[in-house]
Each structure stands twice: as structure tokens, then as C-alpha cells.
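**Student:** Sequence unavailable; structure follows:
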């Protein structure tokens, strides 16, 4: 099987996540934060701020960004990159929306478990 | 040379402006005496409507405070009505018998409201709308609610109606003519205005001819010629004004409708000037402020010997000061044969614009719904600009001239120096730019102070700021006002003012109306807006949990590892064996790793997993404990000592009072956290003198302290005042908290707020002015009705359960080979 072929897993309904909110998906590779922006778009990031590991799922969602609850870093939901003067990146998980359901790329989640070289 | 004696009868806006100009031109020429029939200083009469609607206080509309009169050596007789002018002896005499000689005299007696002499017009409960006393009478009447009828659908009548409705009355407007404000508006705009007024819940009855005001001891209603009866507890007559020229007439001056003046503003006696609404110039009398200020300038220059100064009436512009209704009219817009008009209607946006042209010159404009181009049109009217070149696009406004949407800065840059920026005070662009250059002004406040631009009704503030930015370039920081965040240029105070003024009741409404630059704000502005809305619209606004910081969203404090700490409320720091046992059980059951006593006399359970929170709360709730709000921008703790219950030095029941305060105030949201303490004697074991609010019990009662801090900054408290009873203490503390809730900027602690607004103003509001204290207290009580809900119990009952559980759990798929 090709490593680049996504393997989509259903993690829940879009309506399970409030607009401008987030929920957590627990995985053996660590928590995934699944965000739903005001415009309805859905994003998934590893639930760890690149700064000090804060749970991004607990932050305030605004536009396509989230503010970490620990020290107010703003992380882009589209790229996982810290915005503004801060530098750092948290891994992004590809998301697909299908008939009101949210699917995450299981391969990408699995790769989170592999320690970075 | 001895100073000449100048006597002024009347202390309204026009003579105030004349004196200002006079002191500017010749500071030492005259010794000035003013007689004011109203018992107060000069204030901005244009702003009475915002006072009536509760958007401003009297202090905010004062033009010249007592200090101004002292600084200029003016003798001001407040509450002295002048009863006689003796032109032979050159003296004036007041009703209290004060006689003062004059070399020059200014009569500025203003106008009287017209009272329609229908039966019943003298009944108690029938008021006019003219001065602050009328406003106070209306506000008093509105306190008991009930129904009001406003007779007169002109500018004043509509402002009165909106104000009375804002004060909670049910309001009907009766208007004699077929459409509202027919002197300023054409019928189409009058119709739009009527719809807008009615959509606010004010009933409008046009073509209403008042037959009588009914009632025997006091007013009970109004009956029209057609038989319609409107019940009323209050009737306000706002049908017009009439120059108050009686005194001049008695003195033998020439009086027609008003006191007749020649272009030099002198009456038929060359040593006597008439000025303002009482004066008649070129056969016209005037009621709007711009021409009156023009007159004032002429009088000042004549008084300093400039015989060339002359008054000539100019086109005027009017803006309706009813929040949420944008209406602007200028110049002459009556239909006539030789006139053409250009009309734009956009029913979806509720926009109506009509321009009246004569020989390719703009002579009148009526704008409804979108009034941004009003000053631009008005400038062309005053200058008689030939518009044939831009006729095709004229009605779309300045932004569409010269192709494409120009940015507003370019539009302001294009204005000539003579273009009027501030209509109320007649300030043109050139004056602003000159003063900025001359005096090195750098802020809006400084420009206001030195030019008066935007200092009256304030609707031109944006324009004035653009002129400043044009002069100073990027070095202008419009934020002596610091913007709330990157999403807006507005500061916290402006946003708070506009939330009230425009009645914005949701975060999207604020962002839409105030032009937020981002689609849904950021983590700085959203929690602030959420708080402002909760504070300003208690019971109406539904809390937006997605705009709350996580701690407030889940009623616990997030820790560095993503777990939470939980603090149950312990009233006044008291606990019991039962509560402690329940806490111990919870600690065991959920394997909570750390238990600690806090600085505010509470017990903190640290390291609780998020998904355990509802179960932890449930157990604590069952033992009678509620959330301790240790996470809240709100009331945190009231720390106490043991007081007279146990302590040999205690003077009062400090523990009991602390518990009472905490039970009364818990749940309240505030701009930042509020920590309190009550000490039973001046030894101050509860450390009340470094709290946001502290009470020190003494033999004679309770010393109330505020504005302390012991965090990043260390500040001892200041004494706010002294109370004799526990009830009085609680009333003062609640009023103080409410004032802070209404004025504080989000995240601004009490000590910073007090420093910004001045402790004296706070003491005045909650100690000296007991009526104001009561009003604040009542508002606090009202907001508590919606705030004292234990969030833990709500969560235990299942509210927003999604918040605490993961959406799902995944096994680890095999990583691809």
C-alpha cells in the first residue's frame, strides 16, 4: 500500500463540533484537535502547541486560526504554523467532509507516532 | 484704561461662544457679568437628547464648567432672571433685585417652547422639551413607566420620543402634518423615517390635530379632532419654539418675531446686541446651532471694534440624533418649477437620497440611511459648486467622482481649506490644519480643545481624525485611543459607547456595524465583546461560550499539562466537616494529585482531567458546594477574619458580612477579576487593604476601601467612604462594582480603572450622589438576576456536554511500510 494514499476514518459528525469550536480525537499517537471554523470548514491538528505543548483544542477559534490557551500563540488551522512573531509548527492532519461526516487521514495520524528523526 | 462693562443676559451656547471669541480676540477689554435664568453653567443644548436617552450625563455635556467663569473673571448670577433693562441709566435688574450697570449689553434670552393652548394644556404631566429641567422632569416621569404622548413630529419631538422610549415608556408621536419632519424632509424620506421610528416600537400618528388634553388632577390622555383617544401619563409638547423677546420689547427695542438686528447684530439701540434664537436677522429667526455660532463670532468682533463684521444667513444642515436612524438634510429642498432633482432609492438597504439642483448647482440634499456624503454635499451647497461635470455620478457620493472608489483619505485630501468639517461649531478644514501646524497638536482631544471641531455632537469625529492623519501622516496615532486589537481601530471605550448607542446586541452585530476587519474577531476582542454584551444587556444577551477563554468555558483553571484545577466556593472562607469530607472523597475517587489552600481562603484541587470535571462537580454539588469561580473575570473571593464571633479585638461581625457580600455578589461578571476582603478591626488580618474592594470594620461602622492590588503591581487601597450599616456597605460595594462593570475596559483591574477615570469621579458617583448610587445598585441587582446560576449544576445537568468528552477514540492504524 502506498504511504501517500490516505486512509480515511470517520471520527464523527460535523454537527458534533460547535462552530468556532473544537473537539478532541484520542488516538494511540496522541490527541488530535478537530476544529470547526465559523464558515463551517473543518481542520485537524495535533493537539499540541509548538510552543509548550498546550492543548490547542481548548483555545479560542477565530477565522482559520486558534489561540493557544496557555500563552496565546496563534496557530494557523490551515498550515499548523505559528502566526506573527512566533515560530513553530504543529503537524496537520488531512480532513475530508462527506455527507455531514468528518473523515481524518489515518495514515497521517499514524505518522505522528513516528518520532521525528 | 478702565475695562468696559459687558453684561450678558442669558447663558446658552450662543453667548458662551461669543464670550469665548471675545476672550480670544481681546482678553482684557471687558469686565463681564452674566445673568442666567437657569441655575447652572453653560451646557450643550444639542446634546439634551442623549441625556434623556441615558447615553450621556449632564457632566458630559457641560461646555463651560465653573472654572471657566472664574478664570475669565466673569460674574455669573445663576438662577437670576432679568426683569428690567433701563436704557437711560444703562443698567439691568434681576428678579432678586441685583442691578448692574453696562457699557455694552448682549441680550441672548433664547426662545420659549410653543404651547398649544388646547384645553388641558396646563395640567400637571404636560411638559415641554427645552432645557435640562424638562429632561429631568421627563426622566422622573419615565421612572414609573407608563405611556407618553409626544405632540410634534419634528426634530425635537422625535428625539424626545426616542429618549422616553429608551427610558422605558410606551410612546405615541402625534404630528399635525402628513409626514414627519416636513421642514427638513421631503415626503418620501419622511415616510422612511416613520417606518424606522415605528419599527422601534414608537407609534406615529400623522395628520393628528390635538383637540384636548384630558384629565382633571393630572393628565390622563390626549383626544384628537377625529375622536381618537391616546391614554397618557405624560404629554410632551415639542411643536416649535418662539423667540423670547419680551424683555427687549419692554425696554422699547424694535421687536418683530424676534429682536430685530442689523447685520452687525446690534438692535435698534447700538449698545445693545441681540444674539441667538431671540434675534431676528434679515427677517429670519434661527434655531440651529451653526448660524447662532456665526452670530456669536460677529458680536465678538463688533465688541472689539471690528465694524466690518457682519452676519449673513447661510444654508444649514440638520442631523437627527436618534441612535440607529441616519438622517441628514441640508439646504433648500422644496419642489419648485425651475428645480431638478436626482433621486436614488435602495429599498433593500433602506437608503434614500435626493439632491435638488438649480442651474447645475446643488441647492439641497436629503439623505436617509447612508449619510456619509452629507458634509460633502453640504460643502457644495455652501460653495455653489457647478456640478455639470459630475452630474452622472453625483448622487453616488464623493467616492465615485473621478472614477472608481476613492479611499476616504483621498476624499478628505481633496477638500478645499474652506470646506466645513464640523457643522455644529463651524470649523473648516483649514482651521484644523493650521492649528495642528501652529501648536503641534497630535491627538483628537488636543484638536478638539483648540478648534472645537467635533466637540459638540461628535458626528464628524471620523472626518476630523482623517484631517489629522492627513496633516501628520503616519506619525498620527489615532489611538491616543489604543485599538482593542488588530480587528478594529476602535478603542474599548468607543466600542462600549457604540454598543449602547447603536443597541448592538450580538457579537456579529458589533462586527458588522462597527466594521470589524476580520471575519470573526480574535482571541482578544471576542471575550471582551462577550463581556460588554453581558454587562450591557442583562437577560437579553445569550452568552457566547465559544468567545470565552477556556477557564470560563469549563469553569476550572487550565494547568500547564492540560489538566484543570477545581475550586469550590467557601463563603467568606468558611467550611465545615461535611464539606471537607466531600472534598476528601472527591480527591480519592478521582485520584486528584494535589490539594492546596489558596491565598483567598479556598481549597484548590489540582490536576483534574477534563473529562472528569462534570463528575467532580456533581459530587461537590451534592455536598452543597458550587463553583468558586476561581477562573472568572468576576467576583472571586471574599476573604474574612473571625471578627466579633471569636476575636477579642473584633468590632463587627466581619465573617458574617463577608459571607453576605459573597452571597450577594457571586456570579457577577466584571472586566477583570475582583477580590475582596473584610477585616474585623484595623489590625486588618484579612489583608483588606490590598484588595480590589476591602472593608475595615470599626466601632462606628464600616470603612470601605478600594483600588488595591497585590500582584504584578502593589498598591494599598484608598478609602472610598464610610457606611454605618451592613446594608449600606453592601449597597455601596454593589454600586461601585456596577460602575466598574459599566466603565472598565476588559481585563482592566479596579485600580487601573480608578486611575484612569479618577477616584474622585468614583467617590462622587457611589458615595456623594446617593441617587446615582441607588440607580447603579438597582442595575447591579438586575444583572445578578441573570448571573447567579451555578455553572457546575448546569453542566452536571448536561449543558454543552460535548465540551468535556472526546469526539472519538482511534486505535493506531498500522503505519504504512
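**Tutor:** Cool, got the structure. As the structure is a prediction and not an experimental result, all values here were calculated from the model.
**Student:** okay, now residue B:14: neighbour count?
**Tutor:** Around residue B:14 sit 28 other residues, with neighbours defined as other C-beta atoms under 10 Å in any protein chain shown. For the C-beta atoms, the positions are set from N, CA and C on the backbone; glycine is no exception.
**Student:** Find me the pLDDT at it, would you?
**Tutor:** In this prediction, residue B:14 carries a pLDDT score of 92.
**Student:** Next: residue B:437.
**Tutor:** At residue B:437, the pLDDT value in this model is 86.
**Student:** which residues touch it?
**Tutor:** With contacts defined as C-beta atoms under 8 Å, 6 or more residues apart in numbering or on different chains, residue B:437 is in contact with residue B:471.
**Student:** got it, and residue B:593?
**Tutor:** Shown here is residue B:593, whose contacts under the criterion C-beta under 8 Å, 6+ apart are B:606-607.
**Student:** Against residue B:703, how distant is it?
**Tutor:** Plainly put, residue B:593 is 42 Å away from residue B:703 if you go by C-beta to C-beta, to the nearest Å.
**Student:** Tell me the residues of the stretch 601-750 of chain B that contact chain A?
**Tutor:** Proximity of the stretch 601-750 of chain B to chain A is not found for any residue under the rule C-beta under 8 Å from any C-beta of the partner chain.
**Student:** can you give me the helices in the stretch 601-750 of chain B?
**Tutor:** B:613-622, B:643-646, B:654-665, B:726-743, B:750-757 (DSSP state H, counting those that start in this stretch).
**Student:** Including mean pLDDT, could those helices go into JSON lines?
**Tutor:** Supplementary listing: the helices of the stretch 601-750 of chain B in JSON lines, determined by pLDDT from 0 to 100:
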{"stretch": "helix B:613-622", "mean pLDDT": "93"}
{"stretch": "helix B:643-646", "mean pLDDT": "90"}
{"stretch": "helix B:654-665", "mean pLDDT": "96"}
{"stretch": "helix B:726-743", "mean pLDDT": "96"}
{"stretch": "helix B:750-757", "mean pLDDT": "90"}
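**Student:** These: which one's closest to residue B:23?
**Tutor:** Shortest separation from residue B:23 across the helices of the stretch 601-750 of chain B is recorded for helix B:750-757, at 30.0 Å, computed as C-beta to C-beta.
**Student:** Mind listing what's buried along the closest one?
**Tutor:** In terms of neighbour count (16 or more other C-beta atoms under 10 Å in any protein chain shown), helix B:750-757 has its buried residues at B:750-754.
**Student:** elements contacting it?
**Tutor:** Packed against helix B:750-757, as judged by 3 or more C-beta pairs under 8 Å, 6 or more residues apart in numbering or on different chains; DSSP states H and E, are the following elements: helix B:726-743.
**Student:** Next, the angle helix B:654-665 makes with the helix it packs on.
**Tutor:** Helix B:726-743 and helix B:654-665 are oriented at 40 degrees to each other (axes from the mean of the first three to the mean of the last three C-alpha atoms, to 10 degrees).
**Student:** and which of the buried residues of helix B:750-757 is nearest to residue B:188?
**Tutor:** Residue B:188 has its nearest neighbour among the buried residues of helix B:750-757 in residue B:753, at 47.6 Å by C-beta to C-beta.
**Student:** Hmm, residue B:746 and that closest one touching each other?
**Tutor:** No - counting by C-beta atoms under 8 Å, residue B:746 is not a contact partner of residue B:753; they are 11.0 Å apart.
**Student:** list residues touching both of the two?
**Tutor:** Taking C-beta under 8 Å, 6+ apart as the contact criterion, the common neighbours of residue B:753 and residue B:746 are residue B:671.
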